[in-house]
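Undergrad: Sequence plus the predicted model coming up.
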Amino acid sequence: EAGVTQFPSHSVIEKGQTVTLRCDPISGHDNLYWYRRVMGKEIKFLLHFVKESKQDESGMPNNRFLAERTGGTYSTLKVQPAELEDSGVYFCASSQDGVGRAGQETQYFGPGTRLLVL
Amino acid sequence: AQSVTQPDIHITVSEGASLELRCNYSYGATPYLFWYVQSPGQGLQLLLKYFSGDTLVQGIKGFEAEFKRSQSSFNLRKPSVHWSDAAEYFCAVGARFSGGYNKLIFGAGTRLAVHP
């Protein structure tokens, strides 16, 4: 079974440009999460999808970030326009509903996309 | 506020030595606790998790962790470290919401180096 995949693995862009990150969750996983780690600090939650619906986007830094999950499968995270402080590693994770009690499901992480904004 | 503290940013141990990575959490209810490991070029891999019951939890790769409610701690241990254990380790608490989903709050990570 394929794990969570993310594309690209690395992206280097200039300030003001647009970047789109993609995440393909494990097949059958309804929950999809985005996290970000900036400058070696904590990994922080950005948002959570259940199927195609956004359940919680409280961690999104500002309106330059737009996440979508069309059809409840893969997800994209677009940063437009990118700023220097957006540099970091963006992780995607997915989990399966209905495993154990609510909140006990394991989140499976992808390798991350390393974004550098110059 | 919910938070996780990993006091050690870097730890170096000799191969074959024992290991303990510290984790303290702040959470208002019974915590769901996790340890993840990230090897170079890889995603985060779950080592073990604690929800309830026995406070000593066994995980993969020979790791274990002990939940101590009185100390708000969930330290990770391994009796004998292998060179392949060199990686970054993350402790996390699951912040649960009425919808039942789980938002992970991570510590800053501990980078482990292993000397031959």
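TA: Yep, it's here.
Undergrad: and B:Lys103, how far is that from chain A?
TA: 5 Å (CB to the nearest CB, to the nearest Å). For the C-beta atoms, the positions are set from N, CA and C on the backbone; glycine is no exception.
Undergrad: now for the helix or strand where that residue lies, which elements pack on it?
TA: In this structure, B:Lys103 sits in strand B:102-106 according to DSSP states H and E. If you count contacts as 3 or more CB pairs under 8 Å, 6 or more residues apart in numbering or on different chains; DSSP states H and E, strand B:102-106 packs onto strand A:31-37, strand A:43-50, strand B:3-5, strand B:87-96.
Undergrad: again, 6 Å this time
TA: Other helices and strands packing on strand B:102-106, by 3 or more CB pairs under 6 Å, 6 or more residues apart in numbering or on different chains; DSSP states H and E, are strand B:87-96.
Undergrad: The strand it packs on near chain A anywhere?
TA: Yes. Applying CB under 6 Å from any CB of the partner chain, one finds strand B:87-96 touching chain A at B:Gly94, B:Arg96.
Undergrad: what distance separates that strand from the centre of its chain?
TA: 6 Å (CA atoms, centre = their mean, to the nearest Å).
Undergrad: Equivalent analysis for stretch B:7-20, please.
TA: 13 Å.
Undergrad: quick one: buried residues of that stretch?
TA: By neighbour count on 16 or more other CB atoms under 10 Å in any protein chain shown, the buried set for stretch B:7-20 is B:Ile11, B:Val13, B:Leu19.
Undergrad: Which ones among these map onto strands?
TA: Counting by DSSP state E, the members of these that fall within strands are B:Ile11, B:Val13, B:Leu19.
Undergrad: so who does the last one touch?
TA: So that's B:Leu19. B:Leu19 makes contact with B:Val13, B:Lys78, B:Val81, according to CB atoms under 6 Å, 6 or more residues apart in numbering or on different chains.
Undergrad: what's the answer for A:Val38, then?
TA: By CB under 6 Å, 6+ apart, the residues touching A:Val38 are A:Gly88.
Undergrad: next one: phi and psi at it?
TA: Per-residue torsions, A:Val38: phi -110, psi 130 (degrees, to the nearest 10).
Undergrad: In PDB, could you pull the C-alpha coordinates for the helix or strand of chain B with the lowest mean pLDDT?
TA: Of all the helices and strands that make up chain B, strand B:102-106 has the lowest average by mean pLDDT, DSSP states H and E, namely a mean of 88. Provided in PDB are the C-alpha atoms of strand B:102-106 (Å, rounded to 0.1, in the frame of the first residue of the first chain):
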ATOM      1  CA  ASN B 102      -7.300  14.900  16.300                       C
ATOM      2  CA  LYS B 103      -5.100  17.900  15.800                       C
ATOM      3  CA  LEU B 104      -1.500  17.100  16.700                       C
ATOM      4  CA  ILE B 105       0.500  19.600  18.800                       C
ATOM      5  CA  PHE B 106       4.200  18.900  18.500                       C
END
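Undergrad: A:Thr113 and B:Trp35, how far apart?
TA: Noted for A:Thr113: a distance of 23 Å to B:Trp35, by CB to CB, to the nearest Å.
Undergrad: Just want to know which of the two has more residues nearby.
TA: More crowded of A:Thr113 and B:Trp35, by other CB atoms under 10 Å in any protein chain shown: B:Trp35, with 25 against 22.
Undergrad: Just the strands from chain A, written as ranges.
TA: Under DSSP E, chain A gives strands at A:5-7, A:10-13, A:19-24, A:31-37, A:43-50, A:53-56, A:65-68, A:75-79, A:88-95, A:108-109, A:113-117.
Undergrad: What are the buried residues along the lowest-mean-pLDDT helix or strand in chain A?
TA: Scoring the helices and strands of chain A by mean pLDDT, DSSP H and E places strand A:53-56 at the bottom, with a mean of 89. Buried residues in strand A:53-56, defined by neighbour count with 16+ other CB under 10 Å: A:Gln55, A:Asp56.
Undergrad: Noted, bye for now.
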